[in-house]
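Trainee: what's the 3D shape of this:
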Amino acid sequence: MNKLGLIAIPALVMLSACSSQPPGDYVWIKDYEQIQRIEAANRNSAMSNKIQWVNPPMKRISRAEFEQMRQQE
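Mentor: The predicted structure is shown next:
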C-alpha cells in the first residue's frame, strides 16, 4: 500500500465516526442576553454605530428547557 493510502484510510475512518454520532438532545437559540449587552455597550459608547446582525450570538440549551420556554409563551 502506498503512503497516500496509509494516510487517507485512517483519516476517512475518523471523519466517518464523527458524522455518525447521534444528534444531542439540545437546540440552538439566539442569545438575547448577549445581544442586549452588545447593543447597550454600543449605545453607551462615544462612537456608536447601527448594528446589523448577520450571525447573531447563539446559545445551546436542552430540548426540555426549550419546550418549557415555548409553553410559557
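Trainee: ok, residue 34 to residue 71 distance?
Mentor: Using C-beta to C-beta, to the nearest Å, residue 34 is found at 24 Å from residue 71. Just so you know, the C-beta spots here come from the backbone N, C-alpha and C atoms, and that holds for glycine as well.
Trainee: out of the two, which sits in the more crowded spot?
Mentor: Neighbours were counted for residue 34 and for residue 71 using other C-beta atoms under 10 Å; residue 34 has more, 13 against 7.
Trainee: What score does that one have for pLDDT?
Mentor: pLDDT for residue 34: 96.
Trainee: neighbours of the closest residue to it other than its chain neighbours, just the number please.
Mentor: Leaving aside its chain neighbours, residue 34 sits nearest to residue 57 (4.1 Å; criterion: C-beta to C-beta, 6 or more residues apart in numbering). When neighbours are counted by other C-beta under 10 Å, residue 57 registers 13.
Trainee: looking at it, residue 57 is touching residue 36, isn't it?
Mentor: No: Residue 57 is beyond contact range of residue 36, at 10.2 Å (criterion: C-beta atoms under 8 Å).
Trainee: shaky segments in this protein?
Mentor: 1-6, 11-23 (pLDDT under 70).
Trainee: which stretches of it form helices?
Mentor: For the chain, the helices defined by DSSP state H occupy 3-19, 32-44, 63-72.
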